[in-house]
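Colleague: With the sequence up front, the predicted model follows.
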Amino acid sequence: QVQLIETGGGVVQTGGSLRLSCTSPTNSLSHMPVGWFRQSTSKEREFVGYITYDGLDTLYVDAVKGRFTISRDRSKNTVSMQMDSLKPEDTAVYYCGVDLYGNGLLTRARTWGQGTQVTVSS
């Protein structure tokens with residue numbers, strides 16, 4: 001089973017930025033699409049975006065489009081998500097996921113990391 005580790009969460013003010021990273025100590029992420037998801041209190045985990053295995057294509061939900069950017073660094077076996085212009089409604093635990101299934105905005109994952117908390121204060 002692929003192990004995933006997310007880092008980079010924290011507390012920021014509205015309008016601030018954070019950069020989340022996802023890496024695996026057990027597997028290469030180079031040959032698999034990687035998704036980012038988030039779960040806020042009392043809500044189900046929701047899809048945020050993903051990057052294809054080759055890094056040539058990304059997809060984002062409308063709520064984060066233009067503010068979040070997913071990228072790969074193959075040399076570091078890392079997939080990152082730069083989050084800019086953060087809003088209080090972005091507050092959630094963020095997870096990276098692999099073994100994706102579903103299509104487009106209905107993408108889900110079978111394997112998750114432990115998550116990292118992002119809190120945006122107003």
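Modeller: Perfect, thanks for sending it. Since the model is a prediction, treat every value here as computed from it, not as a measurement.

Colleague: Apart from its neighbours in sequence, what residue is nearest Thr52?
Modeller: With Cβ to Cβ, 6 or more residues apart in numbering as the criterion, Thr52 has its nearest non-adjacent residue at 5.2 Å, and that residue is Pro33. The C-beta positions use only the backbone N, C-alpha and C, and glycine is treated the same way.

Colleague: what's the answer for Val2, then?
Modeller: Excluding the flanking residues, the one nearest Val2 by Cβ to Cβ, 6+ apart is Asn27, at 4.6 Å.

Colleague: Quick check: that neighbour touching Gln3?
Modeller: Yes - in this structure, Asn27 is within contact of Gln3 by Cβ atoms under 8 Å, at 7.5 Å.

Colleague: Comparing those two, which residue is more hemmed in?
Modeller: Per other Cβ atoms under 10 Å, whichever of Asn27 and Gln3 has more neighbours is Asn27, with 16 against 12.

Colleague: distance between the ends of stretch 99-111?
Modeller: Using Cα to Cα, to the nearest Å, one end of stretch 99-111 lies 6 Å from the other.

Colleague: Which of the residues in it are classified as buried?
Modeller: Residues Leu100, Thr107, Ala109, Thr111 are the ones in stretch 99-111 that count as buried (16 or more other Cβ atoms under 10 Å).

Colleague: these two touch, right, the third one and Glu46?
Modeller: Same thing as Ala109. No - with contact defined as Cβ under 8 Å, Ala109 does not count as touching Glu46 (11.8 Å).

Colleague: Which neighbours do these two have in common?
Modeller: Counting by Cβ atoms under 8 Å, 6 or more residues apart in numbering, the common neighbours of Ala109 and Glu46 are Phe37.

Colleague: and the closest residue to Asp99 other than its chain neighbours, how far is that from Gly10?
Modeller: Residue nearest to Asp99 in three dimensions, not counting chain neighbours: Arg110, with 4.0 Å by Cβ to Cβ, 6+ apart. According to Cβ to Cβ, to the nearest Å, Arg110 and Gly10 sit 28 Å apart.

Colleague: any low-confidence regions in this structure?
Modeller: Applying pLDDT under 70 to the chain picks out no residues at all.
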